[in-house]
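Enquirer: just to be clear, the model below is a prediction. Sequence and coordinates:
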Amino acid sequence: MHAATARKGDMVGVSGPESRFRYEESALSSIRDQPARDFLSQRGLSSGNPLFTPTDARSHTASGRDFIIIGQDGADDVEVFCVDAATGEVVITSLTLDAGVGHVNASPQAFDRCLAEFRRRCPYGDRGTSREDLETISADLGRALVAIDASTFDEDPGYWHNLLHDVAIGDYAAE
């Protein structure tokens, strides 16, 4: 891991309850994909999603690739979301476990839209929802995600595959 860090990104209020986290341009300078850099510094990512907690951007190297860490997995805070400096794709990896690098989305823009789609539909049923209905809800979410980003399910198992499984077993159902 490299020691490059940036000062705190700023939280930006937008219409409704959503806040956005914009990243310092200087911390994104190693990302070669200009649209990805512009999106992260100008629009930023949602900071109000149970799947993702934005963090200050910082460099990280894993599996021989250079990344910029953009946030933590909201479910367990063990894994981090990164942008691949060469391609602009969003991946997930662990800083503490030797878990490899997994594809999440083709771009930060697609990642943001997929997070928003997940949040928009949440909760997914309730404790009384049948397993069959939860599986249908999960499949509907999967179709919506792939309509946003065709690469969403490029890895199986992968981040979104695992999330759909969690939805199908009721992990995101209302109490």
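Expert: That came in fine, so what should we check first?
Enquirer: going forward, measure contacts and count neighbours with C-alpha atoms only.
Expert: Noted.
Enquirer: just give me the neighbour total for Pro157.
Expert: Pro157: 11 surrounding residues under other Cα atoms under 10 Å.
Enquirer: any idea how far Asp98 is from it?
Expert: The span separating Pro157 from Asp98 equals 16 Å under the rule Cα to Cα, to the nearest Å.
Enquirer: roughly how far does the closest residue in space to Leu51 that isn't next to it in sequence sit from Glu132?
Expert: Once flanking residues are discounted, Leu51 sits nearest to Gly74: 4.4 Å by Cα to Cα, 6 or more residues apart in numbering. With the distance defined as Cα to Cα, Gly74 ends up 27 Å from Glu132.
Enquirer: just checking, what packs against the lengthiest strand in the chain?
Expert: Determined from DSSP state E, the single longest strand within the chain is strand 52-62. Packing partners of strand 52-62 (3 or more Cα pairs under 8 Å, 6 or more residues apart in numbering; DSSP states H and E): strand 65-73.
Enquirer: quick check: buried residues in the strand it packs on?
Expert: By 16 or more other Cα atoms under 10 Å, the buried positions in strand 65-73 come out as 66-73.
Enquirer: from these, which single one is nearest Leu141?
Expert: Asp73 (19.0 Å; Cα to Cα).
Enquirer: with adjacent residues omitted, what lies nearest to the closest one?
Expert: Closest residue to Asp73 apart from its sequence neighbours, by Cα to Cα, 6+ apart: Phe52 at 5.0 Å.
Enquirer: count the neighbours of the one you found for me.
Expert: Neighbours of Phe52 using other Cα under 10 Å come to 22.
Enquirer: give me the next element, helix or strand, following the longest helix out of those in the chain.
Expert: Looking across the chain with DSSP state H, the single longest helix is helix 131-148. Using DSSP states H and E, the helix or strand that directly follows helix 131-148 along the chain is helix 159-168.
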